[in-house]
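S.K.: I'll drop the sequence and a predicted model, then ask my questions.
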Amino acid sequence: MLDEIIHYFAIWNIIEPCIFIFVIFIFFRDPIRRWNFFGYRPTAVTGIFDPKLEKVIFSKVNGFWSFNQGGIYEDNMYTTVADILNREVGLPQTRFKLIYFTSLGKVRLHNKRLLTRARISAFSIRSKLRGKGYMGCYIRCNLEGIESVIKKGAGIEEVRVVSFAEAKKLTDERCDHEEHQEKKRNMIIAMIEEMEGFARDEKKWRETQSIEEKSEEKASKEAQPENNEENGE
């Protein structure tokens, strides 16, 4: 009996650290929990683009151009995106679709006015925030005539619908605002390049579909005379 107890304890001593490591891995795998833990405010960057027109919505805030952004307050990313877009540019949920989102990285900031916790209850080893962690949200939207729908929110100086190339140029404009540092600008440019790739792939798909439809239409027309001859016989 004693030998069995010792045996079970030995097995548990091996399993216990494995379970602990697995739990830690699962916890830190989520970038939002990881950023909160190490003192970075989770922030959603809402990249709105139209793959067909190859354009994006860009807003000017604090003197620099970028995608609209806001703190992540909920686990539901779609709700977070909807709140940000409604608050900053007045877009209703029916006008856009969140395709996917991915971690862009974090940026260290020293201006405390830019740093407020997204959640009061966030579990963190730091009492004060160190910077922001950015989640890139790729949002599909039909931008044709969207200017009539856009309503500038508080703090938004200007909103434009621009091409991918123009967006890159605006991103590279010189600005002394701390958050618009080179690392953040590179994140925005990386998002634009991702959108360009998405637009190219979709364009190829549309062209392939068009070729297939024309081929089917041609085959259908060629088959019609044969059918008419058979009916006549």
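M.R.: Here it is on my side, so go on. Bear in mind that the values here come from a model prediction, so they are computed numbers and not experimental data. Numbers count the residues shown, from 1 in each chain.
S.K.: Please make it C-alpha for all contacts and neighbour counts, starting now.
M.R.: Noted.
S.K.: List phi and psi for Ser215.
M.R.: Main-chain torsions, Ser215, degrees, to the nearest 10: phi -60, psi -40.
S.K.: Just the pLDDT at it, thanks.
M.R.: In this model, Ser215 is scored at 74, pLDDT.
S.K.: burial count for it?
M.R.: Neighbour count for Ser215, taken as other Cα atoms under 10 Å: 12.
S.K.: Now do the longest strand anywhere in the chain: which elements does it pack against?
M.R.: The strand spanning the most residues in the chain, taking DSSP state E as the definition, is strand 96-108. Applying 3 or more Cα pairs under 8 Å, 6 or more residues apart in numbering; DSSP states H and E, one finds that strand 96-108 contacts strand 131-141, helix 182-232.
S.K.: quick one: the longest one to strand 131-141, angle?
M.R.: With axes from the mean of the first three to the mean of the last three Cα atoms, to 10 degrees defining the directions, helix 182-232 sits at 20 degrees from strand 131-141.
S.K.: could you say what helices and strands helix 182-232 packs with?
M.R.: Applying 3+ Cα pairs under 8 Å, 6+ apart, one finds that helix 182-232 contacts strand 40-50, strand 96-108, helix 164-171.
S.K.: Now do the second one against strand 131-141, angle only.
M.R.: Compare the direction of strand 96-108 with that of strand 131-141 by the same axes, to 10 degrees and you get 160 degrees.
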